[in-house]
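Colleague: Give me the fold of what follows.
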Amino acid sequence: MNDRDRDDPAQYPTDDALDLDRALTIATDLAAWASQTIRHPRAGEVREKASPADIVTQTDETIETHVRAVLRSAFPTHGIEGEEYGTHEPATPNAPYWVVDPVDGTTNYAHGIGWCSFSLGLAAPDGTPLLGLVADPWRGETFTAIRGRGAHLNGTPIHAAAHTTLTGHIFLTEWAAHAHWPGLDSLLAALSHRHCTTRVMGSTALSLSQVAAGRATAAAIGEFHAVDGLPAYLIATEAGAVALPPVPAYDEPLLLAAPGVAGEMAGLWHAAQGGEA
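Modeller: Numbers count the residues shown, from 1 in each chain. As a prediction, the model looks like this:
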């Protein structure tokens, strides 16, 4: 498929039936187009949203606009929830809906730091994730998962790490924009005592996906939002990671851990949450 084809929403046949293989094909095409757009050397206009630490670029808006056009053409009954343009309700009752974050890690992107991602997912009407995709434009990596079929990186199956201890391994997290979230400082201190190294990279979707690839032994965020968290959550759990809570709730903390460290991590997690709640 050439770039002109990707730019034309009408190229995708309309089909109201839920065909996850077809949905993944379209999502993968969108990820390739978005990745190419993100790699363009100019972010365009940068504006504040809720605060100086919450910004949007022209690239964010361009990508989400295109993704919405393609999805509405290909799946006219589906809903769409996006980071920049809110919610488009499903056209029919009990229809699935898409979640999209066009540039997850906009602050990094706007400052020329090559760690951000394109995140796209499909969920059932009750919020159950059905399909997840997270694309890393800078490393040419695309993480994908379909519910019940495992997780893949560029088409190759991936699995959470086989580690049985946090010691000597990596924990990833993200701040809540510019601020720590409740419990984070206690958690980082406990991990430090175990010689577990923490990294704060700047993209929720991409950081959570590292657990799926076995690179990070655990990852956590202070506030779960479907647009940047649901696809990566599905990818990680399909790769065998343990989630706490098992079903994430909006604006609540989420922990993902390799199975062999899930018990140790859960103990630290609960202690930190209780100590600073």
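
Colleague: Nearest residue to residue 215 in space, please, no chain neighbours.
Modeller: In this structure, residue 215 finds its nearest non-sequential neighbour in residue 170, 7.0 Å apart by Cβ to Cβ, 6 or more residues apart in numbering. Where you see a C-beta, it was placed from the backbone N, CA and C, and this is true even at glycine.

Colleague: One more: residue 79?
Modeller: residue 97 (3.3 Å).

Colleague: Need the phi and psi values for the spatially closest residue to residue 222 that is not a sequence neighbour.
Modeller: With sequence-adjacent residues excluded and distances taken as Cβ to Cβ, 6+ apart, residue 222 is closest to residue 181, at 2.6 Å. With angles defined as degrees, to the nearest 10, residue 181 sits at phi -100, psi 160.

Colleague: burial count for the residue nearest to residue 215?
Modeller: 19 (other Cβ atoms under 10 Å).

Colleague: who does it bridge with?
Modeller: On the basis of DSSP bridges, residue 170 is bridged to residue 197.

Colleague: so what's it up against?
Modeller: Shown in contact with residue 170 (Cβ atoms under 8 Å, 6 or more residues apart in numbering): 196, 197, 198, 199, 210, 215, 216, 217.

Colleague: Check what pLDDT it gets.
Modeller: For residue 170, the pLDDT comes out at 98.

Colleague: got it, and residue 163?
Modeller: On the pLDDT scale, residue 163 gets 96.

Colleague: Is it in a helix, a strand, or coil?
Modeller: coil (DSSP: H, G, I helix; E, B strand; the rest coil).

Colleague: Quickly note the distance from it to residue 81.
Modeller: Look at residue 163 and residue 81: by Cβ to Cβ, to the nearest Å, they are 34 Å apart.

Colleague: farthest residue from the center of the chain?
Modeller: Centroid-distance maximum for the chain: residue 193 at 29.0 Å, with Cα atoms, centre = their mean.

Colleague: List the contacts of that one.
Modeller: Neighbours of residue 193 in contact, by Cβ under 8 Å, 6+ apart: none.

Colleague: let's see it at 10 Å
Modeller: By Cβ atoms under 10 Å, 6 or more residues apart in numbering, the residues touching residue 193 are 167, 268.

Colleague: Would you mind measuring from it to residue 270?
Modeller: Note on residue 193: its distance to residue 270, by Cβ to Cβ, is 16 Å.

Colleague: Extract the C-alpha trace of stretch 247-261 and format it as PDB.
Modeller: Taking Å, rounded to 0.1, in the frame of the first residue of the first chain, the C-alpha atoms of stretch 247-261 are listed here in PDB:
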ATOM      1  CA  VAL A 247      -9.400  -4.600  35.200                       C
ATOM      2  CA  PRO A 248      -8.100  -1.000  35.200                       C
ATOM      3  CA  ALA A 249     -10.500   1.800  36.300                       C
ATOM      4  CA  TYR A 250     -10.500   5.300  34.900                       C
ATOM      5  CA  ASP A 251      -8.300   7.800  36.800                       C
ATOM      6  CA  GLU A 252      -7.100   5.000  39.100                       C
ATOM      7  CA  PRO A 253      -3.500   3.600  39.400                       C
ATOM      8  CA  LEU A 254      -2.500   0.600  37.300                       C
ATOM      9  CA  LEU A 255       0.500  -1.800  37.800                       C
ATOM     10  CA  LEU A 256       1.800  -4.300  35.300                       C
ATOM     11  CA  ALA A 257       4.400  -6.900  36.300                       C
ATOM     12  CA  ALA A 258       6.100 -10.000  34.900                       C
ATOM     13  CA  PRO A 259       4.500 -13.100  36.500                       C
ATOM     14  CA  GLY A 260       7.600 -14.100  38.500                       C
ATOM     15  CA  VAL A 261       7.800 -10.700  40.300                       C
END
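
Colleague: Many thanks, I have nothing further to ask.
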